[in-house]
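# model the following, please.
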Amino acid sequence: MRDGAVYAGISPDTGRPMYAAAEDEPDIMSLPRAIKRAEELSRETNRDYRVPSFPELRQLFNNSAMIGGFNKKGPYPKDWYLSASITPEGEVEILRFSDGDFSTAKPSDAMSVCLVRN
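Just a heads-up that it's a prediction; the model follows:
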């Protein structure tokens, strides 16, 4: 894509083609910071970037060999990726790209981020 985004499959949320940012964000960040960064990247590229939902994050994991560039070796928390999905308890759903394990974290916890767009 013109903005460097990489095809990542069909979004399970929108049913439309989903694209991952060309690179992960260089620093780990909390969900509020990741949302702000998505807004910044959207302005910079004229595209609508967002933090992926947990189903979209799972799609990124499933297609990670095709997409490339994900941190799969750690150290913690760099191999864990944030989603925008919030549990009823107010926790953020996260996914470890080294093995596909999933868990939850506080929204203020910093993890790796891969922004997506349709």
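# most remote residue from this protein's center?
residue 89 (20.8 Å; Cα atoms, centre = their mean).
# how about the nearest residue to that residue once chain neighbours are set aside, secondary structure?
Leaving aside its chain neighbours, residue 89 sits nearest to residue 104 (7.6 Å; criterion: Cβ to Cβ, 6 or more residues apart in numbering). (C-beta placed from N, C-alpha, C; glycine too.) Under DSSP: H, G, I helix; E, B strand; the rest coil, residue 104 falls in the strand class.
# ditto for residue 55
Taking three-state DSSP, the label given to residue 55 is helix.
# surely it touches residue 12?
Yes: under the criterion of Cβ atoms under 8 Å, residue 55 makes contact with residue 12 at 4.2 Å.
# what is the neighbour count of residue 108?
10 (other Cβ atoms under 10 Å).
# try residue 81
27.
# what bridges to it?
For residue 81, the beta-bridge partners are residue 95, residue 112 (DSSP bridges).
# show me where this protein has helices.
Ranges of helices within the chain are 31-45, 54-62, 64-67, based on DSSP state H.
# what sits up against the first one?
The contact list for helix 31-45, computed with Cβ atoms under 8 Å, 6 or more residues apart in numbering, reads 3, 21, 25, 29, 47-51, 82, 84, 92, 107-108, 110, 113, 115, 117.
# any low-confidence regions in the protein?
1-2 (pLDDT under 70).
# go ahead and flag the most central residue of it.
residue 114 (3.4 Å).
# check contacts around that residue.
Shown in contact with residue 114 (Cβ under 8 Å, 6+ apart): 20, 21, 24, 25, 52, 57, 60, 70, 81.
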